[in-house]
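Pasting the sequence and the predicted coordinates here, then a few questions.
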Amino acid sequence: MSESVFPSSTREFAQKRRELTPDTEEAFQAFSRRVFSDGALTVKMKQIIAVAVAHVTQCPYCIRGHTKAALRHGASEQELMEAIWVAAEMRSGGTYAHSALALDEMIKTSNGNHS
């Protein structure tokens with residue numbers, strides 16, 4: 001049997017959240033409904049973006065939930081995979097870009113600037 005570090009999201013957890021902080025829970029739910037409603041971007045596009053962001057934030061609940069929502073709103077598997085690849089490039093792009101910090105230190109050190 002496969003065991004996960006992440007417990008399954010349950011109604012019990014949702015109810016406990018509501019019991020502990022009902023106003024905050026409702027505000028968050030209202031915010032979420034607004035964010036994921038049609039606007040300049042369609043619900044489908046917003047869900048595709050959410051799938052990509054969820055991969056960058058590495059949230060397993062978000063990956064599953066937004067993948068299901070994106071498919072429900074008409075996203076294709078190919079669109080989702082392309083969005084995931086965009087997320088992967090952006091994540092690795094940050095590493096590439098930030099290498100300038102290490103390169104700057106290497107150049108300073110090789111030029112005798114030990115600060």
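Received it, and whenever you're ready, just let me know what you need. Residues are numbered from 1 along each chain as shown.

how about low-confidence regions in the chain?
Across the chain, the ranges flagged by pLDDT under 70 are 1-3, 114-115.

Tell me how many other residues crowd the nearest residue to Phe36 once chain neighbours are set aside.
Take Phe36 and drop its neighbours on the chain: the residue closest to it by CB to CB, 6 or more residues apart in numbering is Lys46, 5.5 Å away. For every residue, glycine as well, the C-beta is placed using N, CA and C. The number of residues packed near Lys46 is 20, by other CB atoms under 10 Å.

secondary structure element for Lys46?
Taking DSSP states H and E as the criterion, the element that holds Lys46 is helix 43-57.

List the contacts of the helix or strand that comes right after that helix.
The C-terminal neighbour of helix 43-57 among helices and strands, as given by DSSP H and E, is helix 60-72. Residues from elsewhere that reach helix 60-72, judged by CB atoms under 8 Å, 6 or more residues apart in numbering: 6, 9, 36, 44, 47-48, 50-51, 53-55, 77, 79-80.

Considering those residues, which is situated nearest to Met106?
The shortest gap between Met106 and any of these belongs to His55, at 31.4 Å (CB to CB).

you'd agree that closest one is up against Ala88?
Yes: look at His55 against Ala88 with CB atoms under 8 Å: they come within range, at 7.2 Å.

Can you give the distance of the lengthiest helix in the chain from its chain's centre?
Ranked by number of residues, the top helix in the chain under DSSP state H is helix 77-110. In terms of CA atoms, centre = their mean, to the nearest Å, the centre of helix 77-110 is found 17 Å from the chain centre.
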